[in-house]
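S.K.: Here you go, sequence then predicted model.
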Amino acid sequence: MISKNKLKRFASVFLASSLIIGALAGCGAKDGATSGGSSSGGKDSDVIKIGMNLELSGGVASYGSGVAAGAELAIAEINEAGGIDGKQIKPVKIDNKSDAAEATSAAIKLATQEKVVAQIGSATSGNTVAAVQIANKNKMPIIGPSATSTTVTVNEDGSVNDYAFRTCFIDPFQGKIAANFATNTLKLKNVAIYADSSSDYAKGLAKSFKETVEANGGKVVAEEAYIAKDTDFKSILTRLKSKKPEFIYIPGYYEEVGLIVKQAREAGIDVPLMGGDGWDSPKMVELAGKDALNNTFFTNHYSSEDPDEKIQKFVSAFKAENKDKAPDAFNALGYDTVYWLKDAIERAGSTDGEAVQKALAATKDLPLVTGTFSVDENHHPVKTATVLEFKDGKQVFNSKVNP
Amino acid sequence: MKKSKVFWLYAIIALIVYAIVQFMITSDQLDMYYSNLLITIAINIILAVSLHLVIGITGQFSIGHAGFLAVGAYISAICTMHFDLPFPVALFIGAVVAALAGLVVGIPSLRLKGDYLAIATLGFAEIIRIIFLNTDYVGGAAGMQITQMTTWTYAFFGVFITVIIIANFTKSRHGRACIAVREDEIAADAMGINTTYYKVVAFALGSFFAGLAGGLFSHNFYIIQPSQFGFLKSFDILIYVVLGGLGSLSGAIIAAILLTVVSMYLTEFPETRMIIYSLVLIIVMLYRPSGLMGTKEITDYFKLGKRSKGGNLDDQ
Amino acid sequence: MEWVQQLVNGISLGSIYALIALGYTMVYGIIKLINFAHGDVFMIGAFIGFYAISGWGLGFFPALLLAMVVCAIFGVLIERIAYKRLRNATRIAALITAIGVSLLIEYSVIYFRGAQPEAYPDVLSKSTFNFLGAQISAQSIMILSVSLSLMIILQFIVHKTKIGKAMRAVSHDVEAARLMGINVDNTISATFAIGSALAGAAGVIFGVYYTKIDPLMGVIPGVKAFVAAVLGGIGIIPGAMAGGMVLGVVESIVSALGFSLWRDAAAFVILILILIFRPSGIFGKNTREKV
Amino acid sequence: MTNNLLLKVENVGIQFGGLKAVQGLNLELFQGELIGLIGPNGAGKTTSFNMLTGVYKPTEGEILFDGKRTNNMSPHQVTKSGVSRTFQNIRLFKELSVLDNVKVANHSLAKHSIFSSVFRLPSFFSGEAKMEEVSIEFLKIFGLDKYKDELSKNLPYGMQRRLEIARALAAGPKLLLLDEPAAGMNPQETKDLMDLIALIRKRFDLTILLIEHDMGLVMGICERIYVLDHGQLIADGTPEEIRNNPKVIEAYLGEEVTE
């Protein structure tokens, strides 16, 4: 009978697939068992494994690669200087394809297969959030070097994710500084916002900027948005110009902001422009042009022009490693994250996840390139922000703001 | 009857496999890494099989499957996170809404054929993505945080149901009608097949299961963001179906498993991962353009009969 | 006038889409392949132009020419290595190969130079002048005239030269063309060469106009240009130009109305409407399937 | 004629762009007739078939089948109302087996729903069994049952032609339109085919409209013949009348009347 054939066919197809899954699972179990055995030894052996769960391909590959370059420089330096307590750092770098699902899988792999001490990354908040629960379950601290969204460390109900940390500012902080700068320092009341709506970072900055400006008696005359990877901002800038703002806040990353600043000046917008640490990159000057950048400001962790010895050492070391390319914010944050982790492991005196987590949470006045910071109860780093101004393509120190 | 005995035999074997894996998970012989890998494979199988129905069986060249995945992912996430519905109910609602989205996309697109249909489905998927991107209720670009609920049990039964339903559909008068549409739309129409109806059915059914996969997907990875559902995701699913062999259900399943494992393995070579992946893709297509299985099913290799379902999506 | 300005913005953007769309449309017209790697040829062109200008100090025109030549060769290589074998395979296999080639190009470039963007140096005069209240930069005029000249040259090649006639013949009927003594392989290669050269030119123009280039820059303009090609009627050269311009202007208008976040959606909505109500595009002829 | 009027085509025409492919077509087919439609290449025969089966929508005129207007019906609706056809250029479902080709045309024979198919309810088994049984019957008539599990693309050419007719018959027509069923066949095959056509006509009480190039064949079996030239009906009548019609001779043979 026909129906018998049909049934047989579909059922055997199904069976085959089940068997394949089963077989895979079988191999999986074996592998799991062996690697579990050998790499649990990894924790106490002569290397310290640090995972990197970064965006090395896909949409925001440039952010993840930036963090990786900074972190690898730090690891190389530390290993050259004898490692942590005499143990070399062994980085385990995994590409999460700029995709949250891949970031989760990568975190699981780092925690359960590689058994790393801690995970660095991801570069964006979303991909870091994707790994936070894995970190909590497996007692593997993760540090998002540039994961600025509050939600990375603090859940909606206010509880703190024990194993999640970040090296960068949280969003509200920078927005507030920029707003105060506009209304109090520059004494401008009619401001506009032009934010990257594809990044929660920029949206977070824009939100707190708006709240603070309004609290300070200013008025937001226009709010516009763009999407990362856009290249043509002229239409919106034309529109913004017609609203006659005295100041435009442009939170976002230098890749787009550089073009926005350039195109804004071409469109005849000559009011002050301001942004956050996403502006910090040597590419900013190349993209926007020296002249266009005059009368622009941004908040940052540090200034690469700062004569401070630690900063200059980092800048020159980075240039030496990276074909004379000056570091950007991602590089600096990736670099600092490794040193922070090193400090925590040393203080913990162990590579046990719980001990490292406690040490990270207890960090106090640790001097790093992106500022001297302490960690508060929400796992936010408390560090000084600097307002920088561009003058003829150079970042010039304007003022310092304490949290 | 005898035939139902055969059916139950296979069903029971599948369930035993499930039970063994489940036991290994609960007894910690399979750690999180492998259970996550299995769940990911299961989700990709559902996606591949659902697109197989649309492209492989009905011959409708859709390259916007990620759009329906997104609908299922977001709708089921809204159900669990905002309305506190039980997870299975949320999965079902997500799948139903995705099927409705399939209808919305399918009905106007049916006037189109071949490459034009392909580009229209791509456009629809992008529109769906942009709608989520601009909806603050689901977190916009930053995405939506979701509690992890997908387990091996859900994933397994997701695959189980999907494979049974799509295989049964294919091997019925309705499935034959769909294949007839693929083989020759005009002849199918002339033989009394309501081609429009079957194209819509295939779209809706395919979208339903893509939506189911979406629900499993969103509840497995803690967060969903619109950027995960771009056309590259659609291409990934398309690649499962084509690499497996258009028209071959078991081919789609095998390709989904293989590529998921390969991709997982390649994460260890971050610098060259995408280069290797793309080379594999090109080489397979150059030397085996009809896919790994061609139009055959894996069962054909065990049988002497020359019958074979399926075929190429021929140029019209 | 704000609207004049918006129109100018739209036309500048549109002319870049149009240049890329031309390559899509030519290749599709001749071998019915959606060449997804085309956007990446555009990216290669942009990088070659960049290295030529900032590395070897070439001027705009020599850099443009160099990028066009290199991209033409590159396009022919892609065709010969990846697509030629698939000429008789199913379309979908060819499409998957094209996706593979696209990924390969993107990630090879990332492998060799990293994912970070590059900033084009200023090579054209930055002066602007006023036209009906709109700020028009000399750059946009320059870019528009270069794009238009390239399109005119292309029209000339396709309609007046021997190779152009061969292309039209092959796109009409490969077998018949072969019987008439046309070297089909060479004609297809020539099509790839010309299409890729135009994409390379678009890359350089894009770089000069928008400054930022990166290894994944071709993805979005690639898809948009394909939309433009379909919009105008795929396979039809003036259609690709018109489609590109329409798309550019529509995107500018949508942004100008304050819906910038829906801009990409607008492009696709138009695409779908066109496909449904005029499936063969603005300039396309409706063809009937022979029964 | 004594029988009922089955198909009435009144003044039907179609225009593609500026080109009038067919105009002023008038046909009358009575129950049980076997009618030929002939004409030189490009006369509009296949176009007329396409209008009768709903593939093209006539731009003018009326098509009445069994009392119903079918002008704006889609092909499957026309088929369900009782008109089915074969194609000049064979259009089998190549990757389906011979049996499944016929089963597709048998689609409406069984009524089991998608739901019952998917969940394998009893109506699925009974429906599929019935379809199988009936389809094999059709294959037997055409001597195709021994090839039933073969992919249709692998059949020899003559068998493919037969399968086309078997498939059209399985759709359950009252009126069967055959578009050059003997094209490419050798004389013996052609003769067998014609016997078969006569057989099924009787057995299924069919009305048949036949396009054919082979004049001898048409003249041999058709009761009446319509002649198309340049999209217009130029003659109709019995084979004898047509044979002697000067307009037909001119259209078909040019000036050289050699018969």
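M.R.: Looks like it came in fine. What you see is a predicted model, and the numbers here were worked out from it, not measured in a lab.
S.K.: Could you pick out the residues of chain C near chain A for me?
M.R.: C:2, C:5-6, C:9-10, C:12-13, C:107, C:110, C:114-119, C:122, C:126, C:128, C:135, C:137, C:206, C:210-212, C:214, C:216-217, C:220, C:251-253, C:255-256, C:258, C:260-261, C:264 (Cβ under 8 Å from any Cβ of the partner chain). C-beta coordinates here come from the backbone N, C-alpha and C atoms, glycine included.
S.K.: Look up the closest residue to residue 54, ignoring the ones flanking it.
M.R.: You didn't pick a chain, so chain A it is. Closest residue to residue A:54 apart from its sequence neighbours, by Cβ to Cβ, 6 or more residues apart in numbering or on different chains: residue A:64 at 3.8 Å.
S.K.: that's the wrong chain, I meant chain B
M.R.: residue B:206 (4.0 Å).
S.K.: now do residue A:109
M.R.: residue B:33 (5.7 Å).
S.K.: Which strand or helix spans that neighbour?
M.R.: Assigned by DSSP states H and E, residue B:33 belongs to helix B:32-51.
S.K.: coming back round to it: among the residues of chain C next to chain A, which are located in strands?
M.R.: Mapping the residues of chain C next to chain A onto strands (DSSP state E) picks out C:118, C:119, C:128, C:135, C:137, C:212.
S.K.: give the contact list for the first one.
M.R.: Yep, that's residue C:118 we're talking about. Residue C:118 makes contact with A:283, A:286, C:47, C:50, C:212, C:213, C:214 under the criterion Cβ atoms under 8 Å, 6 or more residues apart in numbering or on different chains.
S.K.: Just give me the neighbour total for residue C:262.
M.R.: Neighbourhood size, residue C:262 [other Cβ atoms under 10 Å in any protein chain shown]: 18.
S.K.: Would you check how far apart it and residue A:225 are?
M.R.: Counting by Cβ to Cβ, to the nearest Å, the gap from residue C:262 to residue A:225 is 11 Å.
S.K.: does chain C sit close to the strand or helix carrying residue D:166?
M.R.: Assigned by DSSP H and E, residue D:166 belongs to helix D:157-170. No: Helix D:157-170 is not in contact with chain C by Cβ under 8 Å from any Cβ; minimum separation 13.6 Å.
S.K.: got the angle between the helix or strand that comes right after that helix and helix D:157-170?
M.R.: For helix D:157-170, the succeeding helix or strand toward the C-terminus, using DSSP H and E, is strand D:175-179. Here the directions of strand D:175-179 and helix D:157-170 differ by 160 degrees (axes from the mean of the first three to the mean of the last three Cα atoms, to 10 degrees).
S.K.: what's the helix or strand encompassing residue A:105 packed up against?
M.R.: Following DSSP H and E, one finds residue A:105 within helix A:100-108. With contacts taken as 3 or more Cβ pairs under 8 Å, 6 or more residues apart in numbering or on different chains; DSSP states H and E, helix A:100-108 sits against strand A:47-54, strand A:88-95, helix A:125-138, helix B:32-51.
S.K.: which residues sit against stretch B:262-276?
M.R.: A:54, A:56-57, A:93-96, A:102, A:105-106, A:109, B:37, B:40, B:277, B:280, C:103-104, C:106-108, C:110-111.
S.K.: Heading C-terminal from the helix holding residue A:105, find the next helix or strand.
M.R.: Next along the chain from helix A:100-108, counting by DSSP H and E, comes strand A:118-120.
S.K.: Just list what that following strand packs against, helices and strands only.
M.R.: Using 3+ Cβ pairs under 8 Å, 6+ apart, strand A:118-120 is in contact with strand A:47-54, strand A:142-144, helix A:329-348.
S.K.: so what strands line up beside that strand?
M.R.: strand A:47-54 (parallel), strand A:142-144 (parallel) (DSSP bridges).
S.K.: Report the rounded mean pLDDT for it.
M.R.: Mean per-residue pLDDT for strand A:118-120: 94.
S.K.: likewise stretch A:70-78?
M.R.: The model assigns stretch A:70-78 a mean pLDDT of 94.
S.K.: Quick one: neighbours of residue 164, just the number.
M.R.: You didn't pick a chain, so chain A it is. 27.
S.K.: let's do chain B instead
M.R.: What residue B:164 shows, counting by other Cβ under 10 Å, is a neighbour count of 19.
S.K.: how much space between it and residue D:118?
M.R.: Per Cβ to Cβ, residue B:164 is found 8 Å from residue D:118.
S.K.: Close to chain A: what parts of the stretch 101-250 of chain D are there?
M.R.: Residues of the stretch 101-250 of chain D lying near chain A (Cβ under 8 Å from any Cβ): D:120, D:124, D:125, D:128, D:129, D:132.
S.K.: And those, which of them are buried?
M.R.: D:120, D:124, D:125, D:128, D:132 (16 or more other Cβ atoms under 10 Å in any protein chain shown).
S.K.: and these, which two are the farthest apart?
M.R.: Largest separation among these by Cβ to Cβ: D:120 and D:132, giving 15.6 Å.
S.K.: could you give me the average pLDDT of the longest helix along chain C?
M.R.: Using DSSP state H, we find that the single longest helix of chain C is helix C:2-31. What helix C:2-31 shows for mean pLDDT is 86.
S.K.: how far is it from where the chain is centred?
M.R.: 7 Å (Cα atoms, centre = their mean, to the nearest Å).
S.K.: which parts of that helix are buried?
M.R.: Going by neighbour count (16+ other Cβ under 10 Å), the buried part of helix C:2-31 is C:5-31.
S.K.: restrict the residues you listed to contacts with chain B.
M.R.: residue C:28.
S.K.: what about residue 138, how many residues close to it?
M.R.: Picking chain A for this. For residue A:138, using other Cβ under 10 Å, the count is 20.
S.K.: that's the wrong chain, I wanted chain C
M.R.: The burial count for residue C:138: 13, using other Cβ under 10 Å.
S.K.: pretty sure it contacts residue C:122?
M.R.: No: Residue C:138 lies out of contact with residue C:122 (Cβ atoms under 8 Å); the separation is 11.6 Å.
S.K.: how close does residue C:142 sit to residue C:20?
M.R.: 18 Å.
S.K.: what does the average pLDDT come to for stretch C:229-244?
M.R.: pLDDT averaged over stretch C:229-244 gives 86.
S.K.: For burial, what's the neighbour tally of residue B:47?
M.R.: Residue B:47 has 32 nearby residues by other Cβ under 10 Å.
S.K.: For chain A, see how far away residue B:228 is.
M.R.: Going from residue B:228 to chain A by Cβ to the nearest Cβ, to the nearest Å gives 5 Å.
S.K.: Same check on residue B:148?
M.R.: In this view, residue B:148 and chain A are 6 Å apart by Cβ to the nearest Cβ.
S.K.: circling back: what helix or strand is the residue nearest to residue A:54 located in?
M.R.: helix A:61-80.
S.K.: and that helix with helix A:329-348, angle?
M.R.: Using the same axes, to 10 degrees: helix A:61-80 against helix A:329-348 is 40 degrees.
S.K.: which strands and helices sit next to helix A:61-80?
M.R.: strand A:47-54, strand A:88-95, helix A:309-321, helix A:329-348.
S.K.: of all those, which lies closest to residue D:237?
M.R.: Going by Cβ to Cβ, the one of these nearest residue D:237 is strand A:88-95, 79.9 Å.
S.K.: mind listing the helices for chain B?
M.R.: Under DSSP H, chain B gives helices at B:2-26, B:32-51, B:65-81, B:87-109, B:114-133, B:152-170, B:173-183, B:185-190, B:195-218, B:231-244, B:249-266, B:273-287.
S.K.: Just the helices from the stretch 101-250 of chain C, written as ranges.
M.R.: C:138-160, C:162-172, C:174-179, C:184-210, C:219-232, C:237-256 (DSSP state H, counting those that start in this stretch).
S.K.: can you put those helices in TSV and add distance to residue A:374?
M.R.: Below are these laid out as TSV (distance: least, Cβ to Cβ, whole Å):
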stretch	distance to residue A:374
helix C:138-160	49
helix C:162-172	69
helix C:174-179	72
helix C:184-210	42
helix C:219-232	42
helix C:237-256	44
